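Colleague: Model the following, please.
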Amino acid sequence: METSSSISVFGLGYVGSVTAACLAERGCRVIGCDVQAAKVEQIQAGEAPISEPGLEELIQQQLETGRISATVDAESAVRDSEISLICVGTPSTASGGLDLRFVEAVAGEIASGIRKKEGLHSIVFRSTMLPGSTRRIATEHFGDLIESGKVDVFFYPEFLRQGSALADFRVPSLSAIGTFEPGASTESIAAVLDSETETMTLEAAELLKYACNAFHATKVSFANEIGRIGKALGIDSTSVMAQLCRDERLNISPYYLRPGTPFGGSCLPKDVSALSLQARALNVSTPTIDSLLESNRRHLESLIERVEAAGARDVLLVGLAFKAGTDDLRGSAMLELAASLLMKDYTVHIFDPDVAPRNLIGANQRFAAAKLPALETLLVSDLVAALDAPQQTLVISKPCADLEILKTELSPCHHVIDVNGWSALAEIAPSYEGLCW
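Modeller: Have a look, this model is predicted:
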């Protein structure tokens, strides 16, 4: 379906050539631009600059329609388009950092071209960059143009897989766009976006790309470590992982993928430790699994640091058990937090209707007694009285407090640290921060 949108795509490597061909297929008029004349000549000859199933045929089809062309002239590409997509590479430096020279160079060329034309020009960065990069580069090269309303800037992460890039573009598994200003309109680049594109900040969209890739790498590393353990034990680990993937409630799902409290309870810390020790005994290297408890400990340390940074010496913990709906204190991050704060001479009170010392039994009781001997004296049942302090930090790990009481009693002298994303807190607390947001 033909559209009136004219789009210039800078960088005709993997992302750029696929993007250019697929946008032309949508009906856009696309001008590919690259400093390498050989790539431009390949596009003009109906050849794919990279090896990707179906790409060459698609380029040939779009050449026949007249919707795709290519040039080495950046100024003419900008002049003859309303939207510019930056798809150049961001290779690693020798130290493992990010080399943004190609992005910087293209941004400078686009800025020069925009200053020689009239009307709004939209710039969409697709090159993978660390959070803050798009805003910095855009401000340096287009700052005055953004302020005058002549340019709007976006970051649109790509999720194309080699070997299935055309299918991934046509039916994306994920589509999110970062805007320069929060909530800014994306109407000017509607032709570029997929139908179900979520809007975020620039920085969030940049981090999303890295989060996805790091998660994919984590999944591969974890599966391989389970594979090595299984191999050492004579177990077919492919069958183990196949069964693991059948659980779409906890394993292959959004569950456990919300930033928040460190993990705890009677199972996860114990079992991760046992598996790690088993691997060591088998002389099997499992650095991903080995890192889990240390990562969890450091996350608890970050929570302690947030409490200390809040400044108040009086701390009220709302929620003590390791999760809602239980009185299990084994491995509870909040119990560890309470113990740490007491050692630093903080005044600590705890509100958790699920926890009653007289009802704790067995290993749960022994764990609590060892970690927090003064638990019974720290627990409070009157939330209103507990909030009566000249300056206080609340660490809220579960929604076990009456929201109406909090709404009435919270004042600027109370600083709330939300550990698990109780969204209503942000609306009622005069002073609020999330542990990870």
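
Colleague: how far does stretch 72-85 stretch from start to finish?
Modeller: One end of stretch 72-85 to the other measures 15 Å (CA to CA, to the nearest Å).

Colleague: who's in contact with that stretch?
Modeller: 5-10, 16, 19, 29, 31, 33-37, 40, 71, 106, 109-110, 112-114, 116-117, 119-124, 126, 156, 188-189, 191-192 (CB atoms under 8 Å, 6 or more residues apart in numbering). In this view, the C-beta of every residue, glycine as well, is placed from N, C-alpha and C.

Colleague: domains of this structure?
Modeller: The chain is divided into the following domains under automatic domain parsing: 6-202, 299-434.

Colleague: Endpoints of the first one, how far apart?
Modeller: Using CA to CA, the end-to-end distance of domain 6-202 comes to 24 Å.

Colleague: just how off-centre is it within its chain?
Modeller: Here domain 6-202 is found 22 Å from its chain centre; the criterion is CA atoms, centre = their mean, to the nearest Å.

Colleague: mind listing the helices for the stretch 201-350 of the chain?
Modeller: Assigned helices in the stretch 201-350 of the chain, in chain order: 202-233, 237-246, 268-281, 287-310, 333-343 (criterion: DSSP state H, counting those that start in this stretch).

Colleague: Tell me the buried residues in the first one?
Modeller: The reference is to helix 202-233. Within helix 202-233, the residues that qualify as buried are 202-209, 222-223, 225-230, counting by 16 or more other CB atoms under 10 Å.

Colleague: Now that helix: average pLDDT?
Modeller: In this model, helix 202-233 has a mean pLDDT of 98.

Colleague: ditto for stretch 397-409
Modeller: 96.

Colleague: Between the two ends of that stretch, how far is it?
Modeller: 18 Å.

Colleague: Could you say which helix or strand holds the closest residue to Ser112 other than its chain neighbours?
Modeller: Sequence neighbours aside, Glu75 is the residue nearest to Ser112 in space, at 6.8 Å (criterion: CB to CB, 6 or more residues apart in numbering). Counting by DSSP states H and E, the element that carries Glu75 is helix 74-79.

Colleague: Can you name the next helix or strand after that helix?
Modeller: Toward the C-terminus, helix 74-79 is succeeded by strand 83-86 as the next helix or strand (DSSP H and E).

Colleague: Paired strands for that following strand, with orientation please.
Modeller: Take DSSP bridges as the rule and strand 83-86 pairs in its sheet with strand 6-10 (parallel), strand 121-125 (parallel).

Colleague: Let me have the ones you listed in CSV, extended by mean pLDDT and mean neighbour count.
Modeller: As requested, the strands paired with strand 83-86 are exported to CSV (pLDDT from 0 to 100; neighbours: other CB atoms under 10 Å):
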stretch, mean pLDDT, mean neighbour count
strand 6-10, 98, 26
strand 121-125, 98, 26
